[in-house]
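J.: next input, structure requested:
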Amino acid sequence: MNNRITFGSLIAHFLMIGLALSWLYPYVWMFMASLKPSSEVYTTSLFGGNLSLDNYAFLFDTSDRADRPFLRTMFNSLFVSLTITASVVITSMYIAFSLAKLKFKGQEAFRGFLIFQMVFPAFMFILPQYVLIKELGMIDTYGAMILPFVMSGWGIFMMSQSFKGTPNDYIFAAKLDRANLWQVITQIMMPLNKSIIAIVALFTFTGAWDNFLWPLIVMQDAEKMPLSVLLASFSKSYGVYIGPVMAGSVIQTMPLLMLFILFRKHFLQGMSLSLK
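T.: Numbering: from 1, shown residues only. The predicted model follows:
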């Protein structure tokens, strides 16, 4: 019986390793393509060809001369993504605390509406959001990319489910020490629920960083574009230069990869808790 379990475990591990390699292969191919001349991307083996950083130099140099400031758009994406992430984390913590630990009229109706609105796909709200942003005179501004995403129903739901499991004794003890609401949330709820907060922050940052459709609609000024929109316009104008396009794609994915590596422990803990 033990031999059968061991054999089955080996098969499962080999299967998972194979699936992991198949998932990683496109990224490895993209990274290696970014180091090759465009003429060698499709004509050489995965690790063959003349490898250099010329595509990255070409990307920065050509984008600036073509009125597509690459560095500026990177900072734009970073600013917008960090602002949205901070807003979502803060608003989600306060609202989730109210849903999990306080009693108020209409609480169940609000919770039901929260779950109900999560069912609808995001693209259904693009038109009314655009009309609202236009009426506010915010087209082609940073606020247009930030305002529609300062709150997240999914973030509120995830945090409220986690906050429910926090013993009320901690909150009562903090109130006896005259702690205010901000102190209760930042000094009690955050440390005890850091895994769920981390996963909400990571997913929010990833969504904001990779967001393409909404910034494409509301942004026209190249100086204020996020990196995703700039790469799309660069790819359209210089599609023949597949190497630099791959270099830009690698740069766009690097922050997400670094975040996952740095916070993978909290990410995995948060995923395990969310599945319970």
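J.: pLDDT weak spots in the chain?
T.: Low-confidence segments of the chain (pLDDT under 70): 1-5, 62-68, 234-240, 266-276.
J.: for the one residue sitting closest to the centre of it, give its distance to residue 47.
T.: Nearest to the geometric centre of the chain sits residue 206, at 1.0 Å (CA atoms, centre = their mean). If you measure residue 206 against residue 47 using CB to CB, to the nearest Å, the figure is 29 Å. C-beta here means a position set from N, CA and C on the backbone, and glycine is covered the same way.
J.: equivalent analysis for residue 213, please.
T.: From residue 213 to residue 47 the distance is 35 Å (CB to CB).
J.: same deal with residue 148?
T.: 43 Å.
J.: neighbour count: the two, which is higher?
T.: For residue 148 versus residue 47, the count of surrounding residues by other CB atoms under 10 Å is larger for residue 148: 19 against 9.
J.: so residue 120 versus residue 149, what's the distance?
T.: Distance from residue 120 to residue 149, by CB to CB: 15 Å.
J.: settle it for me: which of the two has more neighbours?
T.: More crowded of residue 120 and residue 149, by other CB under 10 Å: residue 149, with 21 against 10.
J.: counting neighbours, what do you get for residue 124?
T.: Residue 124 is flanked by 9 other residues according to other CB under 10 Å.
J.: likewise for residue 33?
T.: By other CB under 10 Å, the residues close to residue 33 number 23.
J.: equivalent analysis for the one 5 residues further on, please.
T.: Using other CB under 10 Å as the criterion, residue 38 is surrounded by 17 other residues.
J.: for the nearest residue to it once chain neighbours are set aside, what is the enclosing helix or strand?
T.: Using CB to CB, 6 or more residues apart in numbering and skipping the chain neighbours, the partner closest in space to residue 38 is residue 243 (4.4 Å). Using DSSP states H and E, residue 243 sits in helix 242-262.
J.: so which residues make contact with that helix?
T.: Helix 242-262 is contacted by residues 27, 30-31, 33-38, 41, 54-56, 58-59, 62, 70, 74, 78, 202, 205-206, 209-210, 227-228, 231, 234-235, 238-239, 267 when judged by CB atoms under 8 Å, 6 or more residues apart in numbering.
J.: 6 Å instead?
T.: Outside of helix 242-262, the residues within contact range by CB atoms under 6 Å, 6 or more residues apart in numbering are 30-31, 33-34, 36, 38, 41, 55-56, 58-59, 206, 227, 231, 235.
J.: off-centre distance for it?
T.: Relative to its chain's centre, helix 242-262 lies at 13 Å (CA atoms, centre = their mean, to the nearest Å).
J.: give me the distance between the nearest residue to residue 218 once chain neighbours are set aside and residue 134.
T.: Distance criterion CB to CB, 6+ apart; nearest residue to residue 218, sequence neighbours excluded, is residue 144 at 4.1 Å. Distance, residue 144 to residue 134, by CB to CB: 9 Å.
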